[in-house]
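Engineer: no letters, just coordinates:
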């Protein structure tokens, strides 16, 4: 029961940045509900995968790939470009805390000098940020590559 409450809370707070990002980029009003559902589903699915012990990089990749397939379905159904749904839906999974910790570590190295502990913090968080962002982009790209790979461009 406690885990279910955490999952629902995670979904509730994940739709807010998805809809906010979609509103900034003028997504049609009728499509905001899909952006909210996509953000909530994607972030909650990643939370579920993390609960079962999958590393955050792989969990992010799997969740964003699932959103890529769902976004392809929604885009065909509503005749709206795929990024309208998919990009806004993965925004809640941007690794802001890891990037912030890496940048704070760099500032600390600049102000107080080099230390092995600070460099370790910068490298761990910087690489984790890089891998999560790579997982997001590849996860969104793979479904459309798999589905549209045999079609001519022109």
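Structural biologist: Cool, the structure landed. Note that the structure is predicted; figures quoted are calculated from it, not measured.

Engineer: helix or strand for the closest residue in space to residue 105 that isn't next to it in sequence, which one?
Structural biologist: What sits nearest to residue 105 in space, not counting adjacent residues and going by Cβ to Cβ, 6 or more residues apart in numbering, is residue 122, at 3.9 Å. All C-beta atoms are positioned from the backbone trio N, CA, C, and that covers glycine. When secondary structure is defined using DSSP states H and E, the element that contains residue 122 is helix 116-148.

Engineer: before we move on, what about residue 76?
Structural biologist: When elements are defined using DSSP H and E, residue 76 is found to belong to helix 56-78.

Engineer: which strands and helices sit next to that helix?
Structural biologist: Secondary structure elements in contact with helix 56-78, counted by 3 or more Cβ pairs under 8 Å, 6 or more residues apart in numbering; DSSP states H and E, are helix 32-51, helix 82-90, helix 116-148.

Engineer: just name the most buried of the ones you listed.
Structural biologist: helix 82-90 (a mean of 24; mean count of other Cβ atoms under 10 Å).

Engineer: state the mean pLDDT of that helix.
Structural biologist: Per-residue pLDDT over helix 82-90 has a mean of 92.

Engineer: still on that earlier bit, how about the helices and strands packed on helix 56-78 in JSON lines, adding distance to residue 62?
Structural biologist: Formatted as JSON lines, the entries for those read as follows, by distance: least, Cβ to Cβ, whole Å:
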{"stretch": "helix 32-51", "distance to residue 62": "6"}
{"stretch": "helix 82-90", "distance to residue 62": "12"}
{"stretch": "helix 116-148", "distance to residue 62": "7"}
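
Engineer: wait, which of the ones you listed is closest to residue 68?
Structural biologist: With distances scored as Cβ to Cβ, the stretch of the helices and strands packed on helix 56-78 nearest to residue 68 is helix 116-148 (3.5 Å).

Engineer: for the closest one, the distance to its chain's centre please.
Structural biologist: Taking the mean of its C-alpha atoms, helix 116-148 sits 10 Å from the chain's own mean (Cα atoms, centre = their mean, to the nearest Å).

Engineer: what do you get for stretch 140-154?
Structural biologist: 21 Å.

Engineer: the helix holding residue 122 packs against which elements?
Structural biologist: Using 3+ Cβ pairs under 8 Å, 6+ apart as the test, helix 116-148 ends up in contact with helix 56-78, helix 82-90, helix 96-112.

Engineer: thanks a lot, catch you later.
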